[in-house]
Every structure is written in C-alpha cells, then in structure tokens.
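Visitor: just to be clear, the model below is a prediction. Sequence and coordinates:
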Amino acid sequence: MQVNARVRSLGTGLAVAAVMAATIGLSRPVTSPSVIAENLQQTGTLRWYRGNLHTHSLWSDGDDYLEMIALWYREHGYDFLGFTDHNLLANKDRWVEIDKARGGRKAYDKLKAQFPQGWVDERTTDNKQEIRLKRFDEVFARFNEPNKFLLIQGEEISDSFNKLPIHLNVNNLLETIPPRGGTSVTEAIQNNVDAMWAQRERTRQAMMIHLNHPNFGWGITAEDLAPIRGENFFEVYNGHPGVNNPGNETHASTERIWDIVNSKRLTELDLPLLYGLATDDGHSYHAIPSRASEPGRGWVMVLAEQLDPAALIHAMEAGRFYSSSGVLLENVTLTKSSLEIAVMAEPDTTYTIEFIGTRKGFDPKSQPVLDKNGKELPVTRIYSNEIGAVLKTTTGPTATYSFAGDELYVRARITSSKAHPNPSTVGESQRAWTQPVRP
C-alpha cells in the first residue's frame, strides 16, 4: 500500500508534509479472514495526531482524577489520550475517602478549583469526606471534541509469572479482560493477547493490545516476546523512571530487544514486524517535573484520516506512526528504493539520524548471559552485532537511506542535541523512532 498525503496540521498546530507507506500482515491465533481484512481506505486528507496510550488515575495507582488528567493532556497539545488503569475499567460508581486517596487533599483542592460548581459529587460517611470518582463515560462526554480531542477507554492487564511482571495495555476495549496467567512468561502473554482478539472478534470493535515496559522488573526477554501471535506493538520507550529502558550490562535495552525480536520474527517465526510505541505511563501529576512517573515524556504521532479510535488503530496497524520523546518529524518518505527522514528542526539544535536494521543472512546464533559463577541468567541472550546494526548515520535534519536489497527491515532513530527536559532516564536526549519497514 502506498500512501501519498499532504498533511495540513500536526497535533501541536505546526504545518507539515508527509509521505509514508508501510504495511503489516496481522497474525493472531483464532480469527476470521473478514476480521484480518479490516483495511483502512485512503480517502480524504490525512493528519498527524499526537497521543498517549498509557495513563493511570485514581481508579488504580495514579494520584489524580480522570478529568484533571484529561485537562492536562488537552492543554499540552495532545489530540488523544488512552486511560489504562490496572485490571479495571472506570465504568462503575465508586466513592473514595479524599484524605486517603492518592493525591489526597492537594488533588481534591485542584479539582474543586477547576470545577467549582455542579461537577464534583461529595458526601460524608462516618465523619469522613468522600468524593465520587467520575466514570469514563462522564469524562468522555465533557472533554471529547470531534476531530479535536479524543479520550479512549483502556485497561492495563497486569499479570505475572513467578513474580515476573507481565503488563499489556488494551485500548478501546468494551469489557474488562482479567489477567489470564500461564505456565511461562510467553504463555501468559499469549493468553492475554488471545483474550483481546477474542473480544475484538466477538464485538467487532477496533481494539489494540501492546506489551508494556519489557524491562520493568526485568520481566520479559526478547525470546519471551518474539513468538507471540497477534502482538504487534510494544513500548520501546516508557516514561516511568523505574522501567529500565536502556538496560544495563546484563540486560538488553528495549531497542536491542526490538531488533532481536524482529530479526527472529522475519526469519525463524514467519510473523509480522513488531512496532515500537513511546508512552508516558503517568502516575504522578502534582510536582512536575520530578523523578516520579509523570506525563509528557513520550508519545506517538499517528497519521490518520480522522480522530476516532478505529481510524487511529487501523493507521497504527498499517505502521503509519512514529514514536517520540521530543523530536518531531516533518517528512517520513518510504519508496521502493529508499527511506527518507526530515526533522522539524529547532533553532540551535543538531540531529543525528541513524538507519538501523538487520540484513538477510545474519548470524542467528546466540549465547547465554552468565553470572560470576558461570550460571545462566534468565535474561535476553547475547546475539551477533549483525542484528540491529547501524546501517548509515547522517548528521543534520534530513537523511536518506537507499535500500541495498538485502535488508530484512530498516528503521530510523533520530537523536537531538537537546536533553529531554523531564526524562525517564537521567541524561537522555530527545529522540524519535520510526517504525521498521521491509524494503
């Protein structure tokens, strides 16, 4: 599929032009051809939409109210936001004691100041002041503006295996998906992915699932993730300071996991490309910036026809998006012969554009990581540097990579000379990641 579009506006209001083409073949355990063939018809003008698909509130372990979080994202130039509290949907009446809720009196006072009349429901029970948390549908009705701002209902399925955390976000679901568990990390992931696809098939609702922060608790290895059917997205960047995006001397970084997984999927496993998201995973909203898990650190830019969940999901399934922790792109151009990148350059800023990929015929062998006693560690194995190699580097706001014809896939990483103002990892630069493409 070739997409040619003049994009009129970015989520931040900046004018850009974009040409982009990418496809994936969805692969999942139990589906019908009619569902697999959900195709986005290219009509009308495409635009970039900026959004975050990983957000927590007082409904689980966040410290602010849904409506205050929605207001923050709307006021900071976002077009869409997915609420993804742990193992629940905000779809019931729920009362909480103000002083014992996360955020406490500070969050309550800010809410009352923002919504002084007719919005906040309060009561006193046993001399304790309580507040009713607004349901998602109530907040959606107040904040949703067609083609301007969209809220999406979601859930973070929070599962585990042998105390290893296994978290997946489902966006635009209709019913809660309880954690499915399994006899291994891989089986637990697959069981939860299967549950999402079962609901999507049954309800005909456009939904998407992605694996969260694989290095959180060092829970998930490249080998765990690679064989999952129907899991076509994961978080290459998560804004929570405790999720170990860069890895360490023992554990692979999320980018290294990404390249290993895609190299395996395209050769050994006959599975489609895995795409990489940037998300906030926000929990804390009252002392920005700090080293807590806060909004504004990472997001996706989706090239879609309109601002509705189905259009956004279909665009992402087609690979028409990039991920960012600060760098914005002006053009992403994919042709039969090249991949071209143009940055929306800022003054007094330099950019390094790296084209990263794995070539056909790479060395697939690996070896385990050993501890000081020679015992194998349960972490991502060590692979050849032929996997996820830097194929070309350009300094400047534009770059072109010409395909040699032997690449399994190519993706681009764009790094700014500017430091991230409130980073997940101290000292990191602002970046953008395009999705891998097959020449």
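Guide: It's in. In this text the structure is predicted, and so the values were computed from the model without any measurement.
Visitor: please make it C-alpha for all contacts and neighbour counts, starting now.
Guide: Fine.
Visitor: centre of the chain to the longest helix seen in the chain, how far?
Guide: If you go by DSSP state H, the chain has its longest helix at helix 185-203. Distance, stretch centre to chain centre, for helix 185-203: 18 Å (C-alpha atoms, centre = their mean, to the nearest Å).
Visitor: same deal with stretch 356-367?
Guide: The answer for stretch 356-367 is 26 Å, by C-alpha atoms, centre = their mean.
Visitor: then stretch 77-85?
Guide: With C-alpha atoms, centre = their mean, you get 11 Å for stretch 77-85.
Visitor: same deal with stretch 137-157?
Guide: 17 Å.
Visitor: so the nearest residue to residue 99 once chain neighbours are set aside, which of the three states?
Guide: Computed as C-alpha to C-alpha, 6 or more residues apart in numbering, the closest residue to residue 99 that is not its neighbour in sequence is residue 105, at 5.7 Å. Here residue 105 is recorded as helix under DSSP: H, G, I helix; E, B strand; the rest coil.
Visitor: repeat that for residue 262.
Guide: Assignment for residue 262 (three-state DSSP): helix.
Visitor: returning to what we had before: burial count for the residue nearest to residue 99?
Guide: Residue 105 sits with 13 neighbouring residues when counted by other C-alpha atoms under 10 Å.
Visitor: hang on, the earlier thing: buried set for the longest helix of the chain?
Guide: By 16 or more other C-alpha atoms under 10 Å, the buried positions in helix 185-203 come out as 185-194, 196-197, 199-201.
Visitor: try stretch 165-185
Guide: Those would be 165-174, 176-182, 185, for stretch 165-185 by 16+ other C-alpha under 10 Å.
Visitor: what's the answer for stretch 315-325, then?
Guide: So for stretch 315-325, counting by 16+ other C-alpha under 10 Å, buried means 315, 316, 317, 318, 319, 320, 321, 322, 323, 324, 325.
Visitor: tell me the pLDDT of the residue nearest to residue 207 when sequence neighbours are not counted.
Guide: Using C-alpha to C-alpha, 6+ apart and skipping residues adjacent in sequence, the residue nearest residue 207 is residue 172, 5.1 Å away. You'll see residue 172 listed with a pLDDT of 98.
Visitor: do the same with residue 116
Guide: Looking at residue 116, the pLDDT reads 85.
Visitor: how many residues are close by it?
Guide: Count around residue 116 with other C-alpha under 10 Å applied: 11.
Visitor: could you look up the SS state of it?
Guide: What three-state DSSP gives for residue 116 is coil.
Visitor: against residue 138, how distant is it?
Guide: 17 Å (C-alpha to C-alpha, to the nearest Å).
Visitor: residues near the spatially closest residue to residue 102 that is not a sequence neighbour, how many?
Guide: What sits nearest to residue 102 in space, not counting adjacent residues and going by C-alpha to C-alpha, 6+ apart, is residue 63, at 4.5 Å. Residues near residue 63, counting by other C-alpha under 10 Å, number 22.
Visitor: residue 63 contacts residue 285, doesn't it?
Guide: Yes - in terms of C-alpha atoms under 8 Å, residue 63 counts as a neighbour of residue 285; the distance is 6.7 Å.
Visitor: next one: residue 336, what pLDDT does it get?
Guide: Residue-level pLDDT assigned to residue 336 equals 95.
Visitor: who touches it in this structure?
Guide: residue 439 (C-alpha atoms under 8 Å, 6 or more residues apart in numbering).
Visitor: tell me the secondary structure of it, please.
Guide: Per three-state DSSP, residue 336 ends up coil.
Visitor: ok, and the closest non-adjacent residue to the residue nearest the centre of the chain?
Guide: Residue closest to the mean C-alpha point of the chain, counted by C-alpha atoms, centre = their mean, is residue 277 at 3.3 Å. In space, and not counting its chain neighbours, residue 277 is closest to residue 235: 4.6 Å by C-alpha to C-alpha, 6+ apart.
Visitor: where's that neighbour relative to residue 76, distance?
Guide: From residue 235 to residue 76 the distance is 22 Å (C-alpha to C-alpha).
Visitor: of these two, give the one with the bigger neighbour count.
Guide: residue 235 (24 against 12).
Visitor: surely that one touches residue 280?
Guide: No - using C-alpha under 8 Å, residue 235 is not in contact with residue 280; the gap is 10.0 Å.
Visitor: re earlier: show me the buried residues of stretch 315-325 that map onto helices.
Guide: Using DSSP H, the buried residues of stretch 315-325 in helices are 315, 316, 317.
Visitor: gap between the last one and residue 399?
Guide: From residue 317 over to residue 399 the distance is 25 Å, taken as C-alpha to C-alpha.
Visitor: what does residue 190 give?
Guide: 38 Å.
Visitor: check residue 106 too.
Guide: 48 Å.
Visitor: residue 52 now?
Guide: According to C-alpha to C-alpha, residue 52 and residue 399 sit 27 Å apart.
Visitor: repeat for residue 117
Guide: Applying C-alpha to C-alpha to residue 117 and residue 399 gives a distance of 54 Å.
Visitor: who has more neighbours, those two?
Guide: The neighbour count for residue 117 versus residue 399, taken as other C-alpha under 10 Å, is higher for residue 399 (19 against 8).
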